[in-house]
Each structure stands twice: as structure tokens, then as C-alpha cells.
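Participant: using only what follows, build the 3D model:
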Amino acid sequence: MIVGFSIALIVFSALLLLLVLMHKGKGGGLSDMFGGGMQSSVGGSSVAERNLDRITVVIGLLWFASIVVLGLLMKLDR
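Facilitator: Coordinates of the predicted model:
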């Protein structure tokens, strides 16, 4: 089980990294490489941006939960 949660942690970490880089930035930075520097129309967030926010939050919660479960499993394994 420890190996499974370790692999899940690696996968969630990589996904979280990619999702955070895809977010629209307020200024310059890495998000400009992915088209984040373009101005959106009417200043509101689009459906794609809101869905990206939701997916990022879900992956972040799964990442946190896998860290907690992995820590508990390692503590009980001693």
C-alpha cells in the first residue's frame, strides 16, 4: 500500500504542477508561456478558467490526502 500511495503522490504532484502553471497570471511569469499573458474579454473569468480552478482544488485535496495517508501508513509500519 505504501508503494501505491507513493506512486499516487508522484502523479498528483506532477498534475498539480502542470495545473498551477496553466493558470492565468496577474503579471509576467511562467503562465505567459502558455498564453496566460493575453487579455480576456470583459474581465470576467471564462468557463474554462473556472473549471481549471475546480480541477486544481480537487487535485490539491487529493495530493494532501495522499500525504496524510502515506504518513499514517509509514508511522504504523514501524
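Participant: where does the protein dip in pLDDT?
Facilitator: 25-45 (pLDDT under 70).
Participant: and the helices in it?
Facilitator: Taking DSSP state H, the helices of the chain run over residues 2-22, 47-77.
Participant: which elements pack onto the first one?
Facilitator: In other words, helix 2-22. helix 47-77 (3 or more Cβ pairs under 8 Å, 6 or more residues apart in numbering; DSSP states H and E). Any C-beta I mention is one placed from the backbone N, CA and C, and that applies to glycine too.
Participant: as a markdown table, the helices of the chain with mean neighbour count would be great.
Facilitator: A markdown table is the format used below for the helices of the chain (neighbours: other Cβ atoms under 10 Å):
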| stretch | mean neighbour count |
| --- | --- |
| helix 2-22 | 14 |
| helix 47-77 | 13 |
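Participant: quick one: contacts for the residue nearest in space to the middle of the chain?
Facilitator: Note on the chain: the residue nearest the mean C-alpha position is residue 16, at 2.4 Å, using Cα atoms, centre = their mean. With contact set as Cβ atoms under 8 Å, 6 or more residues apart in numbering, residue 16 has these partners: 56, 59-60, 63.
Participant: could you rerun that using 10 Å?
Facilitator: 56, 59-60, 62-64 (Cβ atoms under 10 Å, 6 or more residues apart in numbering).
Participant: likewise residue 55?
Facilitator: Contacts of residue 55 by Cβ under 10 Å, 6+ apart are 15, 19, 22.
Participant: much appreciated, bye for now.
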